[in-house]
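J.: Following is a predicted model, sequence given first.
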Amino acid sequence: MKYCEALNLYRDLGNTHGMGICHNNIGGIHLKNSRYSQAIESYEQAVSIIEEERSHYMSQEIAKKKPESDIFLTEIYRKYSKIWANRVFQLAEAKLERVFQEMKDYKQKKQIREFDEIIDHYDNAKNTFANLGGPSFSRTITISIKTSFVYLILNDIEKAEEKIAEAEVLFKSLEKRGLENIDVPESVLKQKLYVQKGLIAKKQRKYREACELFALSMENCELYDPKTKKEYNFLIFLANLFERSLKELQEIFELFQLDTTHIDEMLDKFRPLIKDIVFLVDISESMTGIKIIKAIESILKVYNEYIKDYDRVGYILFNEKVHSIFSLDNKIHNDAYFRSVLAKIPMYNNSNNFVFLMIFLNKKGPREALNYMILWMWP
């Protein structure tokens, strides 16, 4: 909401640079919350704005009769280029996630055209980071690995191997230059390389080699406690890659009917808590208009900011009887319906009202069990 307000303010002031920042940050929020189409729309607007800014700067400098080769070296042009490359990369990430979601939800076949667009975005961003050099050069490695992953999805093993080989060459080049002050930590780069090489080996049914590579990826990643993860975002990437390696090893072990007890125990540490949330709203005639409005605002704040798509939500109204609007189900399944019925809660003119929110935190997986319950009450 704050970014939307800032966006409107920048628009009124005619500040396109500020608008681009807002669109980019709004895209990040949508991406984090799995709203991929909205994220793509925001990122596209952010990319369009930075392209216009860079083009405008170029026109101004050319009007001053500066050679293009000199303009490319200016600090302002390099700054615009880095912002552009970052936004294009995020746009590619959002498009890739949307394709995955569509393939998962609707069992759609791979959309070759969409993958081609994603690869183009990755290549454009990588070339820009390569030209910028310095700390940004490390991002060329990440993008080569991501491109290899996309080709692997498309079953193009040859190109997947070509891109991962390219990433290894870039990594060695980075080692020669020195690994200090780079945008992506060495441990993250090295582990991503091992994981992707392991995925390629697994696809080729080279299971022993795949296991060795996944094991190597975990040797380059220590386990960190949650507090440390919150303080250093890049450690979260390491933990996610560690978990992925464990899952790939688990799948290979199961394929050959090997004991996975120790892998299961390690994976247990990564399984997130799934929340079961039940909203109970008193709709008796004791309800008062302004208080229920505030209660609805509070419900929506919790719903929008603290409940993930994989969490389960239930909604119950009660007066002299109990009305179960819908039982526990993944948030994403009843999202539009919940918002519509919440807006139609009956309002009365006197006395008190209560809205209860019960949250059950459960462990994901077969050992699902109640951990604790939180009860909130709005008078």
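T.: Structure received. It should be emphasised that the depicted structure is a prediction, and the values quoted were computed from it without experimental measurement. Numbering: from 1, shown residues only.

J.: where in the stretch 201-350 of the chain is pLDDT low?
T.: 220-240, 269-274, 283-292, 310, 345-350 (pLDDT under 70).

J.: Likewise for the stretch 1-150 of the chain?
T.: Residues of the stretch 1-150 of the chain that meet the cut-off, pLDDT under 70, sit at 1, 104-111.

J.: What are the boundaries of the helices in it?
T.: When secondary structure is read from DSSP state H, counting those that start in this stretch, the stretch 1-150 of the chain shows helices at 2-13, 16-32, 36-63, 68-71, 75-106, 112-132, 138-153.

J.: for those, which one sits closest to A167?
T.: Taking Cβ to Cβ as the criterion, helix 138-153 is the member of these that comes nearest to A167, at 3.8 Å. Glycine gets a C-beta too; all of them are placed from N, C-alpha and C.

J.: Moving C-terminal from the closest one, which element do we reach first?
T.: Tracing the chain C-terminally past helix 138-153 and defining elements by DSSP states H and E, one meets helix 157-177 next.

J.: List every C-alpha atom in that next one, with coordinates, as PDB.
T.: The C-alpha trace of helix 157-177 is given here as PDB (Å, rounded to 0.1, in the frame of the first residue of the first chain):
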ATOM      1  CA  ILE A 157      20.900 -31.500 -22.500                       C
ATOM      2  CA  GLU A 158      23.500 -30.200 -25.000                       C
ATOM      3  CA  LYS A 159      22.700 -26.600 -24.400                       C
ATOM      4  CA  ALA A 160      22.300 -27.100 -20.700                       C
ATOM      5  CA  GLU A 161      25.800 -28.600 -20.500                       C
ATOM      6  CA  GLU A 162      27.100 -25.800 -22.700                       C
ATOM      7  CA  LYS A 163      25.700 -23.100 -20.300                       C
ATOM      8  CA  ILE A 164      27.000 -24.800 -17.200                       C
ATOM      9  CA  ALA A 165      30.400 -25.100 -18.800                       C
ATOM     10  CA  GLU A 166      30.200 -21.400 -19.600                       C
ATOM     11  CA  ALA A 167      29.400 -20.800 -15.900                       C
ATOM     12  CA  GLU A 168      32.400 -22.800 -14.800                       C
ATOM     13  CA  VAL A 169      34.700 -20.800 -17.100                       C
ATOM     14  CA  LEU A 170      33.300 -17.500 -15.700                       C
ATOM     15  CA  PHE A 171      33.800 -18.800 -12.200                       C
ATOM     16  CA  LYS A 172      37.400 -19.600 -12.800                       C
ATOM     17  CA  SER A 173      37.900 -16.200 -14.400                       C
ATOM     18  CA  LEU A 174      36.400 -14.600 -11.300                       C
ATOM     19  CA  GLU A 175      38.700 -16.600  -9.000                       C
ATOM     20  CA  LYS A 176      41.700 -15.200 -11.000                       C
ATOM     21  CA  ARG A 177      40.400 -11.700 -10.600                       C
END
